[in-house]
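*Asks:* predicted model and sequence below, questions to follow.
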Amino acid sequence: MEQRKRKSSKTVASIETEYVRSLRKKEIWRNKQKRRLKKKLFIYAIIAIAVFGGLTNMFIQQKQTLQDKEQQKKEMLAQLEEVKEEQDLLKKQLVKLDDDDYIAKLARKEYFLSDKNEIIFSVPEKKKKNDEKDDGKE
């Protein structure tokens, strides 16, 4: 036989015994406990989501900072290589400047200085460039 749950109607009066009252109190207490549990779980879920979101945000920021630092490192290494090359060139030039023959050659070339009994002819560079352009067009 099937037992059906019957809804209490307003016309049917319930029997007020000690047992029925204790059952109602237990049911009310269980419902309150369920509501408290749901509230606690909801609060814990909100806290967990906030913590997870904060950690994710921090991870993304640190990843971006790391990429920026790596890019900066690449740029600094490239700049370091350029400075080292320039330093090597300057050291070579310094060694050359200790040589008297090199200084004499440089003075003749840059400042048109001459030795005794030597005549210097200067040829304008503009004419040379124009002649080279004309030769290439023909």
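*Replies:* The structure has been received and is ready for your questions. Numbering: from 1, shown residues only.

*Asks:* use CA for all of it now, contacts and neighbours both
*Replies:* Noted.

*Asks:* give me the number of residues near V83?
*Replies:* V83 is surrounded by 12 other residues when neighbours are defined as other C-alpha atoms under 10 Å.

*Asks:* now do the SS call for the residue most central in space within the chain.
*Replies:* The chain has Q64 as the residue nearest its centroid, 2.6 Å off, counting by C-alpha atoms, centre = their mean. Here Q64 takes the helix state, with states given by DSSP: H, G, I helix; E, B strand; the rest coil.

*Asks:* try E16
*Replies:* Going by three-state DSSP, the state assigned to E16 is coil.

*Asks:* any idea how far L23 is from it?
*Replies:* As judged by C-alpha to C-alpha, to the nearest Å, E16 and L23 stand 11 Å apart.

*Asks:* P124 too?
*Replies:* For P124, the distance to L23 - C-alpha to C-alpha - is 117 Å.

*Asks:* comparing these two, which residue is more hemmed in?
*Replies:* When P124 and L23 are compared for neighbours, L23 comes out ahead with 11 against 8, by other C-alpha under 10 Å.

*Asks:* so which strand or helix has that one?
*Replies:* Take DSSP states H and E as the rule and L23 turns out to sit in helix 18-97.

*Asks:* ok, then the element right after that helix?
*Replies:* For helix 18-97, the succeeding helix or strand toward the C-terminus, using DSSP H and E, is helix 100-111.

*Asks:* show me what that following helix packs onto, helices and strands only.
*Replies:* Identification of packing neighbours for helix 100-111 by 3 or more C-alpha pairs under 8 Å, 6 or more residues apart in numbering; DSSP states H and E yields helix 18-97.
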